[in-house]
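Novice: Compute the structure for the input listed below.
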Amino acid sequence: MSDKQSRMLDYLFRSPDWVTAGELGEHLGVTARTVRSYVTSVKTAADPLEVIESGPAGYRVNHEAYTAFRAVPPGRHPENDTPQRRLYQLVRRVIDSAEGLDVYELAADTFVSDSTVEADLSRVRALLPGTGLSLARHGSRVTLLGSETDRRRLISRMFREEFARGFLELAAIQKEFASDSLGAFKTDLIAMLDAQGYFVNEYGTNNVLLHVAIAVDRVSKRAAARADDAPAVGAHLTVALASLIDTHFGVVLDVTDLAYLVLLLQTRVVTPGHDEATDAISATVACAGDLEVVRRIVAQASEEYLVDLADEDFITRLTLHVRNLIDRAQVRDYSRNPLTRSIKTAYPMIYELAVFIASELQRQEQIHINDDEIAYIAMHVGSYLEQHSQSEQLVSCVIVCPNYYTMHVQLRQRIERVLGDDLTIVDQITRSDVPWADLRADLVLTTIEPPVPADGVIVIQPFLTERDVHRIREAAIRVRRVRRRSHIKNDLLQFFDESLYLRNFTAPDEEAMIRELGGRMVARGLIDLSYVDGAIERERMSSTAFTDHLAVPHAMAMTAQQTSIAIAVNDSPMPWGDSRVNVVALIAFSAAGRASFQSVFDQFVEVFTERADVQRLIKRSVDFPSFIDELVHLIDQ
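Specialist: Predicted coordinates for the structure are as follows:
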């Protein structure tokens with residue numbers, strides 16, 4: 001399938017309802033007629049699976065068929081002689097052949113014409129720039145030139161491209177390389193790494209398993225990899241890995257192969273020290289120079305975004321990750337992250353903080369850090385902030401339970417045990433003459449009926465039931481939502497101005513749109529031209545299209561005179577990075593307004609995550625007052 005056909009399937013898969021050809025066309029930047037041809041092509045490729053269902057309301061994905069379709073991609077079926085499959089097989093054959101391939105013999109072996117082979121060779125050449133490999137042609141014989149390591153990287157890259165939108169699947173690796181032992185090898189590998197005290201990154205494990213499968217396959221052809229830039233390899237890890245590979249595959253790898261695989265493990269899968277104290281890790285593993293760099297960058301991020309990241313355990317573990325990231329970035333061999341899109345959409349503020357950290361690392365180390373690697377930094381930051389934000393999110397409650405033996409004690413203990421992650425108990429009333437009007441808490445949990453029913457007062461059983469637990473949790477969620485949105489609403493509405501609202505305003509590209517919106521803010525004295533340049537620089541680092549419909553360009557420096565938002569709401573989407581968006585909101589933040597930056601940013605992006613809500617907002621926002629009314633409605637619903 002083409003990239004746009006894959007994006008169409010991805011969009012349909014994530015849509016809960018039927019999607020029209022027109023909407024798909026807007027998302028992909030093609031006509032409705034082209035969408036219909038894409039649907040026909042996908043249905044043909046997936047036959048006999050009915051991956052896409054058609055109806056009067058448009059199209060939708062048959063999830064069961066789609067899952068089966070993804071489990072065994074059509075390019076993997078030998079009977080499907082697709083150009084992509086031929087290209088992959090041609091690369092495998094030319095890599096495996098030390099003496100090269102004869103074009104005419106290759107055409108006869110694969111039952112295609114000489115011209116088809118020549119066209120496929122041209123496509124192979126197009127893959128090679130930047131890989132360290134090249135094709136040499138002598139008459140009818142073609143030979144691939146380059147190192148064994150670069151050959152393996154090319155095989156790995158081509159194989160992974162089919163899984164760019166999700167997890168690299170173990171079953172597909174086993175099928176391609178005829179390696180039935182890979183699953184058991186993975187189980188023993190993880191057990192070995194855990195026993196040696198490593199944290200294991202499951203998101204990167206299958207990528208390393210792919211290289212193991214390639215190594216086993218290539219060694220059988222007597223081709224060893226070079227580990228030119230391998231760090232000092234721990235003997236215990238090398239010996240254990242060699243033993244596992246010999247046990248499961250019956251293959252003995254030489255020192256260069258083992259060094260390369262250990263390098264991959266060290267930079268993609270493992271972090272030392274899940275059973276070590278932080279100071280011990282700092283002393284034995286983390287480089288003092290790296291620690292100092294990360295400590296400085298984290299301090300800048302903490303000051304810029306008003307978050308407290310000054311924790312040595314967090315800094316040490318982030319430093320270990322950063323060291324591996326730098327090693328990967330220096331050779332532009334990045335780790336795939338299947339959660340990048342969801343992190344960017346669901347936690348834009350955390351992602352933005354990670355962008356700041358990544359941008360400082362880029363300047364410090366003179367490297368490029370892509371979106372997947374930024375998302376891994378966001379996972380470190382988000383995990384730390386989540387651990388330290390629970391107490392701030394707890395809902396306060398008062399328990400009303402008249403004293404009867406130890407019943408009130410048992411009730412409180414059960415509430416603390418079952419609902420401790422949701423509630424904090426600020427008081428307990430054990431009398432029957434309850435001062436209802438004087439109770440001060442988000443929720444009142446009472447075993448006796450109040451004289452007058454009220455919001456936030458929940459009547460529960462003296463012996464807490466599962467139904468009681470469910471009702472209390474739902475009430476706590478409502479309290480947090482109302483609490484959050486009441487603050488957001490007040491903050492959000494003061495940032496908009498009618499003079500900065502544009503309806504159906506088009507621009508040729510992202511930079512032009514940023515300059516147009518920024519120019520209006522400059523004219524009002526809200527920002528200067530350097531802020532506009534900063535927003536463009538931020539955009540070049542990582543697209544600010546945080547959802548399928550919304551782009552939120554902004555600079556990382558909070559230098560605006562006043563926090564404000566210039567927004568364009570358009571019926572027709574425009575290209576933005578790899579997405580197409582209907583709404584572009586240039587956000588300028590001042591130092592004085594950064595306290596509300598985090599909550600506003602997350603909440604504003606959240607409004608645009610539901611397709612139906614976005615369509616309603618676009619349709620009803622005929623002018624500035626109607627836009628504000630609809631935005632408030634979506635925030636409050």
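
Novice: Which residue, neighbours along the chain excluded, lies closest to the residue most central in space within the chain?
Specialist: Central residue check for the chain by Cα atoms, centre = their mean: the C-alpha nearest the mean position is that of residue 340, 1.3 Å away. Closest residue to residue 340 apart from its sequence neighbours, by Cβ to Cβ, 6 or more residues apart in numbering: residue 375 at 4.0 Å. Any C-beta I mention is one placed from the backbone N, CA and C, and that applies to glycine too.

Novice: Where do the strands of the stretch 501-637 of the chain begin and end?
Specialist: Counting by DSSP state E, counting those that start in this stretch, the segments of the stretch 501-637 of the chain that form strands are 501-503, 550-551, 564-576, 579-588.

Novice: give me the low-pLDDT residue ranges for the stretch 151-300 of the chain?
Specialist: Low-confidence segments of the stretch 151-300 of the chain (pLDDT under 70): 160-169, 221-234, 272-288.

Novice: how about the strands in it?
Specialist: Taking DSSP E, counting those that start in this stretch as the criterion, the stretch 151-300 of the chain carries its strands at 198-200, 270-272.

Novice: same thing with the stretch 351-500 of the chain?
Specialist: Taking DSSP E, counting those that start in this stretch to define them, one finds strands in the stretch 351-500 of the chain at 395-400, 423-429, 443-446, 457-459.

Novice: Would you reformat those strands as JSON lines and include mean pLDDT and mean neighbour count?
Specialist: Putting these into JSON lines (pLDDT from 0 to 100; neighbours: other Cβ atoms under 10 Å) gives the following:
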{"stretch": "strand 395-400", "mean pLDDT": "94", "mean neighbour count": "22"}
{"stretch": "strand 423-429", "mean pLDDT": "93", "mean neighbour count": "17"}
{"stretch": "strand 443-446", "mean pLDDT": "96", "mean neighbour count": "22"}
{"stretch": "strand 457-459", "mean pLDDT": "94", "mean neighbour count": "17"}
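
Novice: Need those strands in CSV (columns: distance to residue 536).
Specialist: Formatted as CSV, the entries for those read as follows, by distance: least, Cβ to Cβ, whole Å:
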stretch, distance to residue 536
strand 395-400, 42
strand 423-429, 45
strand 443-446, 48
strand 457-459, 52
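
Novice: domain assignment for this structure?
Specialist: Per the record's domain assignment (automatic domain parsing), the chain is made up of the domains 3-71, 83-146, 170-272, 284-380, 391-481, 494-636.

Novice: Check these for me: which has the lowest mean pLDDT.
Specialist: Ranked by mean pLDDT, these bottom out at domain 170-272, with a mean of 78.

Novice: starting at the chain centroid, how far to it?
Specialist: Averaged C-alpha coordinates place domain 170-272 at 25 Å from its chain's average position (Cα atoms, centre = their mean, to the nearest Å).

Novice: before we move on, what about stretch 131-141?
Specialist: The answer for stretch 131-141 is 38 Å, by Cα atoms, centre = their mean.

Novice: What residues does the residue nearest to residue 340 make contact with?
Specialist: 337, 339, 340, 343, 344, 351, 354 (Cβ atoms under 8 Å, 6 or more residues apart in numbering).

Novice: What separation do you get for it and residue 355?
Specialist: From residue 375 across to residue 355, the span is 10 Å (Cβ to Cβ, to the nearest Å).

Novice: do the same with residue 117
Specialist: When Cβ to Cβ is applied, the distance between residue 117 and residue 355 equals 45 Å.

Novice: my read: residue 251 touches residue 213, true?
Specialist: No: using Cβ atoms under 8 Å, residue 251 and residue 213 do not qualify as a contacting pair, with a distance of 10.9 Å.

Novice: Of these two, which one has the most company?
Specialist: A direct count of neighbours by other Cβ atoms under 10 Å for residue 251 and residue 213 places residue 213 higher, at 24 against 15.

Novice: Ignoring the adjacent residues along the chain, who's closest to the more buried one?
Specialist: residue 177 (4.1 Å).

Novice: out of the strands of the stretch 501-637 of the chain, nearest to residue 265?
Specialist: Shortest separation from residue 265 across the strands of the stretch 501-637 of the chain is recorded for strand 579-588, at 34.3 Å, computed as Cβ to Cβ.

Novice: Now do the closest one against strand 564-576, angle only.
Specialist: Orientation note: strand 579-588 sits at an angle of 160 degrees relative to strand 564-576 (axes from the mean of the first three to the mean of the last three Cα atoms, to 10 degrees).

Novice: Determine the longest helix present in this protein.
Specialist: Under DSSP state H, the helix in the chain containing the largest number of residues is helix 466-493.
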